[in-house]
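Chemist: no sequence for this one, just the structure:
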């Protein structure tokens, strides 16, 4: 906090990220401290802890929310039972809060094919997601040899009929 206090006027805010920040019991207190010195607060999350996300949303100015797959097939990507339900519940909290956000999905063709991406885009549009980024997997830094071997360049684009249902779609 001493370092951040010296940077007020040079920094606009602090983004809580890395791993899963909502796993940290001191997250809300840290956010309050950052806001108390006049900085804005951002959060990157995949939403595995809906109750914790709901607790900190009033302290957050912007959320980058990672959605990994259609909610009913989340476990295939995450390996965690029930993760799709928790992610969906967290996204519902976020959308209801009115907090600025970007929902994003990183596409690896072995984990998320075109039809699954279209299904996910439809589900997000139905939920009311307006700001969505689809980003292609990048192998740099990935430690999973199977994913790196199975990777090929992909445009990671949503079908046109899905894109029309979402207000602001970005492909990276």
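Modeler: Nice, thanks for sending it over. If you're wondering where the values come from, they're calculated on a predicted model, not measured in any experiment.
Chemist: CA only for contacts and neighbour counts going forward, please
Modeler: Noted.
Chemist: which non-adjacent residue is nearest residue 40?
Modeler: residue 13 (4.2 Å; Cα to Cα, 6 or more residues apart in numbering).
Chemist: Under a three-state scheme, what state does residue 19 occupy?
Modeler: Following DSSP: H, G, I helix; E, B strand; the rest coil, we place residue 19 in the coil state.
Chemist: Quick check: it vs residue 46, distance?
Modeler: 9 Å (Cα to Cα, to the nearest Å).
Chemist: Between the two, which has more neighbouring residues?
Modeler: residue 46 (25 against 11; other Cα atoms under 10 Å).
Chemist: measure that one to residue 112 for me?
Modeler: 16 Å.
Chemist: Ok, residue 122 next?
Modeler: Residue 122 is 14 Å from residue 112, by Cα to Cα.
Chemist: Counting by contacts, list what the longest strand seen in the chain packs against.
Modeler: Across the chain, the longest stretch assigned as strand under DSSP state E is strand 100-107. When contacts are defined as 3 or more Cα pairs under 8 Å, 6 or more residues apart in numbering; DSSP states H and E, strand 100-107 packs onto strand 62-66, strand 131-136.
Chemist: after the first one comes which helix or strand?
Modeler: The C-terminal neighbour of strand 62-66 among helices and strands, as given by DSSP states H and E, is helix 74-78.
Chemist: and the next helix or strand after that following helix, what's its mean pLDDT?
Modeler: As assigned by DSSP H and E, the chain's next helix or strand after helix 74-78 is helix 83-97. Computed over helix 83-97, the mean pLDDT rounds to 97.
Chemist: and what of stretch 16-27?
Modeler: On average, stretch 16-27 scores 94.
Chemist: Check the offset of it from the chain's centre.
Modeler: Taking Cα atoms, centre = their mean, to the nearest Å, one finds stretch 16-27 lying 13 Å from the centre of the chain it belongs to.
Chemist: Is it correct that residue 49 is in contact with residue 86?
Modeler: Yes: Residue 49 lies in contact with residue 86 (Cα atoms under 8 Å); the separation is 6.6 Å.
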